[in-house]
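Chemist: Below is the structure, and that's it, no one-letter string:
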């Protein structure tokens, strides 16, 4: 057999070193690497200095970019190191795994498994982390096909690697088939994979949905069969007496310092002989052998780098007709490939990536540190702690190093591993504080290194335009979350704001606006930025709307306006046009607003639409946006709301009253933003006409009174008169409590500054009958619980102050006791050297 089979563990630094050593020792004529053959043309980019790992190959269906998958590579990945070695030396490189085009077609597996072992104990498949599927009704994107591809890196039936549900030694393959999602990227549920999950096993996509375990051609249900029957690393670790497969792999391979390919191949052969075969593996390995036969005709010296799980199958003699039978009749989908940046967070096993490692940052350190691995790691850990204000000296590092090495000796390990350095750091440098250990884990053990790709990398025009916009706005994508404060009066910050809002419009939420900032300033924005690898998929999807970010966002908004079913949907799009500066979409959205406003007679809908329009009118000047024509629409909606509000407020339930109260508050705030005295007067007159109605819910009656008071339409005496009406004896306490809740929902400072109002409310509370107090208490707690802590404290002091003063009036008004004060005079005289009299004079 002319080829040399190097069975590796994906993302294993020991395997990476060993592969390079063997290639240097016996340079091949050609290198075959497990991966998608459609990406062969992209191999040359590995020699480009701009392609900086971690990166991933992104493959997607040309007609539906949501059906996609990633193949991640780190600097310590054996495949990456092998490809880089070959490209630098001019050795041809080919990927020889089953084409991704076959996997998308749904024909990637045979009808029945081979060599089943029904009595074998099969571990459960590891969970996959998914994002919700895209809703075609929501944004008009192409509907998901019936096979139900999954949506996130590390998950999904369509993912090469999604079939790798249980741990194996070759879990490299694509991290996921990712679909567009209306949910937020990165919202996937982290899953804890078992140790050794990414050991030398297998990779590759598996087709999910009906093609996986659905009915056969006779309509019979095929029994479900786990695609990952064995954890080979776990089996070998258990045989060696280890309870932790990851630790066994570190001791035997990572710290070994010499290649062990023959031993690993022998071990994999023994395990596969006793294990049931995965049908997906059989198809993939049949294709691999077919490529090998083809390459043998042209080259004599062949090197093969693949997951160790596949080595026995590639070394086995199989008839050509058997492989041909497995591959016969398979359809191909049209696919495209490119390189995209990746992160160590997405490479970690907890992210749901089947081939993930638990500690990519640690593996990066192992691969890049030539010597003094433990001391260098602990020095970096000390730097992390110091950056967070934790005092950490060189003495801490020295003692932690000694402890880690001592632990390794006690445990019989050749070198201190991650467990030892973590325990040493926790004991010596972190003082046993879990939060400090978690900080080191997040920043060092996992890490959030973000890779990069060259500017001239083949990509969809939308992605290239985004890169240009990022450079123009001086915004660099980063894997770590960071805060960004923008001053919209500055041209650069205004450009950044528009870019972030446009990206959110096309479902690329690179930035999330902060809503916690207090104040009503119109020229400041606060954002939280974090770049996620799956945004590459969203950009491919967004390319169907346009070739630039602005064009794609405009087309998306116009399409949403045409399909909007409610007035609120359209008004939200009006505000989007303002924030993202989509001037080309504005006329279409405004036309849709006119149509919806004319057809919608629901007062709640009309009132819900006004705040967004008012913000657009108010803040348009700051953003230099032309909002011509919008003022007339806003005035028309407000007029219709004023006309319809009297018929909408009568005889409401508690829940309906709360909804309408919120709507009234929203419109009242919007009217305050509009510089139109006539509209304000009409709105306040409408509110004043409603307050005297007998069928008005207490919550609304109290709220309208407060709004009129704040607007200067009522004085304090009139407010106290109105408050006495629901607080009189005979009025149900629940109605009175609702009135108070509505009145005070704007804040409690009014009670601090109005003694008469506070006394009236205090007397009413004291007079509530005991049998009714339990019914009123929840409303009161909700009302007063919404006050700021300072407001509650001030109200309490106002209530307690007069009583305390009254009790002490007989003793001098402030509670001063002269007899007790005289007791300190002798001591004070001795200290000062003068006799102090009771009047305070010195003699």
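Modeler: Perfect, thanks for sending it. Just so it is clear, the model here is predicted, and its values are computed rather than measured. Residues are numbered from 1 along each chain as shown.
Chemist: Show the subsequent helix or strand relative to the worst-scoring helix or strand of the chain on mean pLDDT.
Modeler: Least confident helix or strand, the chain: helix 210-213 with a mean of 33, by mean pLDDT, DSSP states H and E. Next along the chain after helix 210-213, taking DSSP states H and E as the criterion, comes helix 232-239.
Chemist: any idea how far that following helix is from the chain center?
Modeler: With C-alpha atoms, centre = their mean, to the nearest Å as the basis, helix 232-239 stands 35 Å off its chain's centre.
Chemist: What average pLDDT does that helix get?
Modeler: Taken as a whole, helix 232-239 has an average pLDDT of 79.
Chemist: who does it touch, helix- and strand-wise?
Modeler: Under the contact criterion of 3 or more C-beta pairs under 8 Å, 6 or more residues apart in numbering; DSSP states H and E, helix 232-239 touches helix 245-249, helix 261-273. C-beta: built from backbone N, CA, C; applies to glycine.
Chemist: any idea which of those is most buried?
Modeler: helix 245-249 (a mean of 23; mean count of other C-beta atoms under 10 Å).
Chemist: what packs against it?
Modeler: If contacts are counted by 3+ C-beta pairs under 8 Å, 6+ apart, helix 245-249 sits against helix 232-239.
Chemist: Can you point out the buried residues in the helix it packs on?
Modeler: Using 16 or more other C-beta atoms under 10 Å as the test for burial, helix 232-239 gives 232-237.
Chemist: What of stretch 608-621?
Modeler: Using 16+ other C-beta under 10 Å as the test for burial, stretch 608-621 gives 608-620.
Chemist: just stretch 455-464 next, same as before
Modeler: Using 16+ other C-beta under 10 Å as the test for burial, stretch 455-464 gives 457, 459-460, 462-464.
Chemist: Let me see the residues that make contact with it.
Modeler: 42, 45, 50-51, 338-339, 453, 467, 536, 539-540, 542-543, 546-549, 552 (C-beta atoms under 8 Å, 6 or more residues apart in numbering).
Chemist: Rounded mean pLDDT for it, please.
Modeler: Computed over stretch 455-464, the average pLDDT equals 84.
Chemist: That one spans what distance, first to last residue?
Modeler: End-to-end distance of stretch 455-464 (C-alpha to C-alpha, to the nearest Å): 8 Å.
Chemist: any idea how far that stretch is from the chain center?
Modeler: For stretch 455-464, the separation from the chain centroid amounts to 25 Å (computed by C-alpha atoms, centre = their mean).
Chemist: Now do the strands in the stretch 351-500 of the chain.
Modeler: In the stretch 351-500 of the chain, strands defined by DSSP state E, counting those that start in this stretch lie at 482-487, listed in chain order.
Chemist: what about it, any weak spots by pLDDT?
Modeler: 351-356 (pLDDT under 70).
Chemist: Try it again at 50.
Modeler: Applying pLDDT under 50 to the stretch 351-500 of the chain picks out no residues at all.
Chemist: Buried ones among the contacts of stretch 455-464?
Modeler: Among the contacts of stretch 455-464, those classed as buried by 16+ other C-beta under 10 Å are 42, 45, 51, 338-339, 453, 536, 539-540, 542-543, 546, 548-549, 552.
Chemist: Looking at these, spot the one nearest residue 411.
Modeler: Using C-beta to C-beta, residue 51 is the member of the buried ones among the contacts of stretch 455-464 that sits closest to residue 411, with 39.7 Å.
Chemist: residues contacting that closest one?
Modeler: Listed by C-beta under 8 Å, 6+ apart, the contact set of residue 51 reads 45, 339, 451-454, 457.
Chemist: again, only this time at 10 Å
Modeler: 42, 44-45, 73, 84, 339, 341, 451-454, 457 (C-beta atoms under 10 Å, 6 or more residues apart in numbering).
Chemist: cool, residue 44 as well?
Modeler: Residue 44 neighbours (C-beta under 10 Å, 6+ apart): 51, 87, 93.
Chemist: What separation do you get for it and residue 312?
Modeler: Distance of residue 44 to residue 312, computed by C-beta to C-beta, to the nearest Å: 32 Å.
Chemist: again, but for residue 360
Modeler: Residue 360 is 28 Å from residue 312, where distance means C-beta to C-beta.
Chemist: Of those two, give the one with the bigger neighbour count.
Modeler: The neighbour comparison of residue 360 against residue 312 (other C-beta atoms under 10 Å) goes to residue 360, with 26 against 20.
Chemist: Wait, that one touches residue 10, no?
Modeler: No: checked against C-beta atoms under 10 Å, the pair residue 360 and residue 10 is beyond contact range at 11.7 Å.
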